[in-house]
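# Please work out how this folds:
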Amino acid sequence: MFDSERDEQLVLSTRHIKLRTVLFVLAFLVAIFSFVYGIRQMMHKDPGIYEVEANPDVENKMYDHGFHLYYNFEGGSGEIRQKQSELGDFYSISLGRVVKELDPVNEYESIVSLAALNNHPGEEIELSEELVTVLKDAQSRGSNVYSLYNGPLYALWEDVLSLSEPLESDPLNDPNVAERIEAFRALEEGVHGELRFNGNKVTYMPGEGYLDFIAENEYPANYIDLNLLHDAYVLRLVADDLVRNGWTNGFLQSDSGVLVFLGEVDIEGLNLCGFDSGNNTLKNVAVLPASAVMAMSRFTIAGGESSLYYTITGEDGNIHYRHPYYLSEGIPQEKYAVSYVISNTGDPVDAVCRNLSLQEGELPESDGYFYSLLGETDICYSNLTKQLKATDQSVEIREADE
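Presented below is the predicted three-dimensional model:
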């Protein structure tokens, strides 16, 4: 009797083990299927615009910081993944080369950078034809709003903003900083020196006493620095690389507000923002149709992390908006809440230069521009009014010459 009951229990236990085994195998198969399906879904690519990530670079780990490539991929999922990989490799090589070439501080084993001129004044340095062309172009753009030789002041102001709060570090409130900036501004014309070109060999020749002045006053030794035009030159050179190699269905953008199209891109257009002074925010007011040859520069005091201005409280108790970088005469700018310059030449350097002039009240004559004035709610100005498609009917867009 007892043996029979024991046998029955053994049979029941064996059945439970088999059932549990079957359920475990099913659960395992479901998990594997779900994992594989999830991976396939993650890897699946539909046609559309994607941001192309840059590969790591051993020599300059931050080389891609602040720059973005967006590209419109077409075809099947596998084809899109392959194109993304190919473009990512090409983009990484191009961006890495350009950023290192234009670096005014660091020298590299793989390439001769702008820093070689700063670190070896008086010595003839052989540079790439590309870098020589950039330096000649930047030098030719010297004006009351830009100077290739303004590097020490530009770098000083970057250090000031990174080490303290703008309220404390603004020259209006910090006598020490104001004194150092005023001393730099007081230098006689030509003391900063010059670049001498001999083919692709370039020599930076500082003026008499200039190097001692920089050292004694503890200015950063960025004698030659693209400063305000740096990001625009990066985008120009990388865009040229991409277009020459057939990558034309996308656009490049920098965190500093520079954008350049590589060719025809299937997007609605560029969103242009006005400044809502009531809420101290940006709002989209119009769309400008995109074209194959277009570059844009945007300066703004609003827009969260992408803001290109900071604020201080003046002695009058009012909030004042400041551009974060000095122009050539060393005065922080307080002009427009939002300003765009659309260059129909497709050159981002032209767009930024014209936007700098716009901050000084010099209106571009040929290229398109769009701006909002501080203190004027819901009023924007543009010489693009006939091309714009309004998205906020409550905003008034006036002709720029009114």
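
# residues contacting the residue nearest in space to the middle of the chain?
Closest residue to the average C-alpha location of the chain: residue 254 at 2.0 Å, with Cα atoms, centre = their mean. Taking Cβ atoms under 8 Å, 6 or more residues apart in numbering, we find residue 254 in contact with 66, 67, 68, 231, 232, 234, 235. For the C-beta atoms, the positions are set from N, CA and C on the backbone; glycine is no exception.

# Leaving out the residues flanking it, which one is nearest to it?
residue 231 (4.3 Å; Cβ to Cβ, 6 or more residues apart in numbering).

# Tell me how many other residues crowd that neighbour.
23 (other Cβ atoms under 10 Å).

# Same check on the one 5 residues further on?
Using other Cβ under 10 Å, residue 236 has 23 other residues around it.

# Got phi/psi on the closest residue to residue 225 other than its chain neighbours?
Using Cβ to Cβ, 6+ apart and skipping residues adjacent in sequence, the residue nearest residue 225 is residue 151, 2.7 Å away. Phi and psi for residue 151, reported as degrees, to the nearest 10, are phi -60, psi -50.

# correct me, but residue 151 touches residue 224?
Yes: Residue 151 lies in contact with residue 224 (Cβ atoms under 8 Å); the separation is 6.1 Å.

# Mutual contacts of those two, please.
Residues touching both residue 151 and residue 224 (Cβ under 8 Å, 6+ apart) are 104, 118.

# helices or strands up against the helix or strand harbouring residue 298?
Counting by DSSP states H and E, the element that carries residue 298 is strand 295-300. With contacts taken as 3 or more Cβ pairs under 8 Å, 6 or more residues apart in numbering; DSSP states H and E, strand 295-300 sits against strand 258-261, strand 270-276, strand 336-343, helix 348-359.

# Ok, which of these comes nearest residue 123?
Of all the helices and strands packed on strand 295-300, the one in closest proximity to residue 123, counting by Cβ to Cβ, is helix 348-359 (27.8 Å).

# for the closest residue to residue 115 other than its chain neighbours, what are its contacts?
Leaving aside its sequence neighbours, residue 115 sits nearest to residue 107 (Cβ to Cβ, 6+ apart; 4.9 Å). By Cβ under 8 Å, 6+ apart, the contact set of residue 107 is 113, 115, 116, 119.

# just residue 384 next, same as before
288, 342, 368, 369, 370.

# how about the residues you listed in TSV, adding neighbour count and secondary structure?
Shown next, in TSV, are those (neighbours: other Cβ atoms under 10 Å; DSSP: H, G, I helix; E, B strand; the rest coil):
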residue	neighbour count	secondary structure
288	21	strand
342	26	strand
368	22	strand
369	23	strand
370	28	strand
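
# What about the residue lying closest to residue 74 once chain neighbours are set aside, how many residues nearby?
Spatial nearest neighbour of residue 74, excluding adjacent residues (Cβ to Cβ, 6+ apart): residue 47 at 4.9 Å. By other Cβ under 10 Å, 14 other residues sit near residue 47.
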